[in-house]
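Peer 1: build me a model:
(2 chains)
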Amino acid sequence: MASIGGIPSYILEFGDELVYFTPYTITLFLLALTFTVLVIISRPERQVDIAFGGDAYRAKEISLSEMRFRRFMAIACGLASMGAMVTGDIFNFTLFTAMVGITNVGIVAAVKSPHVQDAAYQYGLVALSATVPLFAGAAVYAAATGSLSMIELMKGTLPAVPLIAKAMLVIGVVGEGMAPFYAAKAEMFRAPGAPYVIMCSLSSLLIFLRVVEVVLLG
Amino acid sequence: MTSRLSGTDMIAELVLATIFGLLLLGIHRKLIARIQRRPGPPVWQEILHMLKFSFKTTWVPLTASRTLFVGVVLIAIGIWTAAFYVLVSGGSLLVILGIYMLHKIVEHGFGLSSGSPYGKYGGVRSVISAASEIPLFVSVAVIAVYTHSLDLSSIMQYQQVYGPLLFTAFPAACAMFLVILSKMPFGPFSIVEAKELVSGYKTEHFGIWRAGLEVCNGLKSFVLLAVFLTVFIGQLTLPWLLTGMIILVVLLAFSCAVTPMMSPFDSVTIQMVVTGLMLVYAMAVLVVMHP
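Peer 2: Next comes the predicted model:
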């Protein structure tokens, strides 16, 4: 029994729910963990802005309340990313992915800049819409195979997963933050608070990397 | 490349790979200069850079997020060290692909952590040019269709039986070449290090932090070129592997020397067009291989 990410080295079962580690998922999990620890122990930078047409510059300050809220959302995002990396259940994967989308909006929505808030709002709409194909994909997985377990899919004994289910899952994940929706996220990426903003791009990339493994399972 | 090694051998291999990677970057730079009728620096210039920065005064800017500023350098070296060992042990191509994509996050972290506007825009450009990674996904998917595996050792075994994938999956090789081109300095897609951004995402990283970044760049170049040769040519002896990497660098240098750097919009547009073409190609391969 081997997935495209390698042979599972450890499987932890909670009844129907299970968590498993392959060389691929453990790599992604460790990266999510490393950046979450960085979020916990780092203080945000003070972004320097240059005044247009002159030599003047100023450093932006982040208030303590804003920093606390964004740090909380970034840690939640890190935990959701870690969950999405190691879960062995398609439905749990979609739940964690949706949570990543919500926390990404939360990380930047607290920034007191109209441009950043506009971007967060637009991204929120995209992420909200993307949850429809995301959960529908999981539903089609369950309807077609009778199981949502990735370990069962890995065994190759279940009926084949319809291409439409895989496509919906990928579209859902793409809507949660991957290209071409980066256009909406560009404003978010230049918001101050580097450790938190990085968690947005990291979580989006991680769930995309995981969904590649998930769709290649069945 | 799949034999078991002792700890000392592994460290020695890592150091040699880094130095050879830096030498390749030096050859790349020298060739570009000669094609453009400039004398250019000596080929070992990148190695000298790395040594020079190791002994320069080091500081962290007052405006920086200190932990992230330092941590991201260690993460950059760490992820490419992991990629190198995955390559050496014949592990999963998917892990290397994942690490390649996460390098974007590292560049983003480099840029944002300092607080400098130049670094910030270098980091933002790095993230918005993520479109350049999608052809890599398609290449990997095509390889999986042909070989039914993403383990480098299995891909090498497949090529021993059926011949190099360079000929059977030539468009996939071209797409991966483009991906490597997008990571080479002074190339058409090097928008993250454009001169209007000073040095882009690495503007504020001086001293030992820049030396760490140079180590990461050397290792990254070595791993990417070695992965290309392993995936599209197959198992090679060390002299042939190194020769192949030099030939690839010559091709990359020509591509960089005769192509102007694009604007961020054009760069992303071209990468998206290539992605579209590669998706059509992948669908065609899928239909032919599994009608």
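
Peer 1: hey, let's count contacts and neighbours off CA atoms from now on
Peer 2: OK.

Peer 1: average pLDDT for the longest helix anywhere in chain A?
Peer 2: Criterion DSSP state H: the longest helix present in chain A is helix A:114-145. Averaged over helix A:114-145, pLDDT sits at 85.

Peer 1: next one: stretch B:74-87
Peer 2: The model assigns stretch B:74-87 a mean pLDDT of 88.

Peer 1: where do the strands sit along chain A?
Peer 2: In chain A, the strands defined using DSSP state E lie at A:10-14, A:17-21, A:48-50, A:57-59.

Peer 1: just the buried residues of the second one, please?
Peer 2: Neighbour-count burial for strand A:17-21, counted by 16 or more other C-alpha atoms under 10 Å in any protein chain shown, picks out A:18-21.

Peer 1: now these in TSV, with pLDDT?
Peer 2: Below are the buried residues of strand A:17-21 laid out as TSV (pLDDT from 0 to 100):
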residue	pLDDT
A:Leu18	77
A:Val19	77
A:Tyr20	78
A:Phe21	78
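
Peer 1: rewinding a little: got CSV for the strands of chain A, with distance to chain B too?
Peer 2: Formatted as CSV, these follow (distance: least, C-alpha to the nearest C-alpha, whole Å):
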stretch, distance to chain B
strand A:10-14, 18
strand A:17-21, 13
strand A:48-50, 6
strand A:57-59, 8
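
Peer 1: distance-wise, check the nearest residue to B:Arg34 once chain neighbours are set aside relative to chain A.
Peer 2: What sits nearest to B:Arg34 in space, not counting adjacent residues and going by C-alpha to C-alpha, 6 or more residues apart in numbering or on different chains, is B:Gly40, at 6.7 Å. Applying C-alpha to the nearest C-alpha, to the nearest Å, the value for B:Gly40 to chain A is 34 Å.

Peer 1: so B:Gly40 sits right up against B:Arg29, yeah?
Peer 2: Yes - at 7.2 Å, B:Gly40 counts as touching B:Arg29 under the criterion of C-alpha atoms under 8 Å.

Peer 1: those two: which has the busier surroundings?
Peer 2: B:Arg29 (25 against 16; other C-alpha atoms under 10 Å in any protein chain shown).

Peer 1: which elements pack onto the helix or strand hosting that one?
Peer 2: Using DSSP states H and E, B:Arg29 sits within helix B:7-35. If you count contacts as 3 or more C-alpha pairs under 8 Å, 6 or more residues apart in numbering or on different chains; DSSP states H and E, helix B:7-35 packs onto helix B:45-54, helix B:207-232, helix B:238-257.

Peer 1: output those helices in TSV; the columns should cover distance to chain A and mean pLDDT.
Peer 2: Output for these, formatted as TSV (distance: least, C-alpha to the nearest C-alpha, whole Å; pLDDT from 0 to 100):
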stretch	distance to chain A	mean pLDDT
helix B:45-54	24	88
helix B:207-232	16	89
helix B:238-257	25	90
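
Peer 1: what's the average pLDDT for the helix holding B:Arg29?
Peer 2: pLDDT averaged over helix B:7-35 gives 88.

Peer 1: what angle sits between that helix and helix B:238-257?
Peer 2: Interaxial angle, helix B:7-35 versus helix B:238-257 (axes from the mean of the first three to the mean of the last three C-alpha atoms, to 10 degrees): 40 degrees.

Peer 1: for chain A, name the helix or strand with the lowest mean pLDDT.
Peer 2: When each helix and strand of chain A is scored by mean pLDDT, DSSP states H and E, helix A:182-189 comes last, with a mean of 61.

Peer 1: report the contact partners of the closest residue to B:Ile191 other than its chain neighbours.
Peer 2: Once flanking residues are discounted, B:Ile191 sits nearest to B:Pro264: 6.1 Å by C-alpha to C-alpha, 6+ apart. Residues near B:Pro264 by C-alpha atoms under 8 Å, 6 or more residues apart in numbering or on different chains: B:125, B:129, B:189, B:191.

Peer 1: please apply the same query to A:Ile50.
Peer 2: Counted by C-alpha under 8 Å, 6+ apart, A:Ile50 has contacts A:56-58, B:117.

Peer 1: switch to 10 Å and redo it
Peer 2: A:56-59, B:116-117 (C-alpha atoms under 10 Å, 6 or more residues apart in numbering or on different chains).

Peer 1: try A:Ala194
Peer 2: A:39, A:42-47, B:64-65, B:68-69, B:108-115, B:120.

Peer 1: rerun that using 6 Å as the cut-off
Peer 2: A:44, B:112-113 (C-alpha atoms under 6 Å, 6 or more residues apart in numbering or on different chains).

Peer 1: make a markdown table from those residues and add neighbour count, distance to B:Ala144 and pLDDT to it.
Peer 2: Converted to a markdown table, the contacts of A:Ala194 look like this (neighbours: other C-alpha atoms under 10 Å in any protein chain shown; distance: C-alpha to C-alpha, whole Å; pLDDT from 0 to 100):
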| residue | neighbour count | distance to B:Ala144 | pLDDT |
| --- | --- | --- | --- |
| A:Pro44 | 27 | 42 | 79 |
| B:Leu112 | 37 | 36 | 79 |
| B:Ser113 | 36 | 38 | 81 |
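
Peer 1: so which of those residues is the closest to B:Leu14?
Peer 2: Relative to B:Leu14, the closest of the contacts of A:Ala194 is B:Ser113; by C-alpha to C-alpha it sits at 27.7 Å.

Peer 1: the closest one contacts B:Phe69, doesn't it?
Peer 2: Yes - B:Ser113 lies in contact with B:Phe69 (C-alpha atoms under 6 Å); the separation is 5.2 Å.

Peer 1: mind showing which ranges of chain A have poor pLDDT?
Peer 2: A:1-6, A:15-17, A:51-52, A:54, A:59, A:177-190, A:218 (pLDDT under 70).

Peer 1: 90 instead, please
Peer 2: A:1-32, A:34-35, A:38-71, A:73, A:83-92, A:100-131, A:137-138, A:141-218 (pLDDT under 90).

Peer 1: which residues of it lie near chain B?
Peer 2: A:24, A:42-48, A:182, A:194 (C-alpha under 6 Å from any C-alpha of the partner chain).

Peer 1: compare the residues you listed and tell me which is most surrounded.
Peer 2: For the residues of chain A next to chain B, neighbours tallied by other C-alpha under 10 Å; top is A:Ala194, 30 neighbours.

Peer 1: gap between that residue and A:Phe72?
Peer 2: 14 Å (C-alpha to C-alpha, to the nearest Å).

Peer 1: and what of B:Ser113?
Peer 2: 19 Å.

Peer 1: do A:Ser203 as well
Peer 2: 15 Å.

Peer 1: these two - which one has more neighbours?
Peer 2: Higher neighbour count among A:Ser203 and A:Phe72: A:Ser203, with 31 against 18, using other C-alpha under 10 Å.

Peer 1: excluding covalently adjacent residues, which one is nearest to that one?
Peer 2: With sequence-adjacent residues excluded and distances taken as C-alpha to C-alpha, 6+ apart, A:Ser203 is closest to A:Ser81, at 5.7 Å.

Peer 1: and the one you found, how many neighbours?
Peer 2: A:Ser81 sits with 30 neighbouring residues when counted by other C-alpha under 10 Å.

Peer 1: give the buried residues for stretch B:50-63.
Peer 2: By 16+ other C-alpha under 10 Å, the buried positions in stretch B:50-63 come out as B:50-51, B:53-54, B:60-61, B:63.

Peer 1: what about it, start to end distance?
Peer 2: Note: stretch B:50-63 ends 25 Å apart using C-alpha to C-alpha.

Peer 1: quick one: contacts of it?
Peer 2: Contacts for stretch B:50-63 (C-alpha under 6 Å, 6+ apart): A:45-46, B:115, B:207-208, B:211, B:214.
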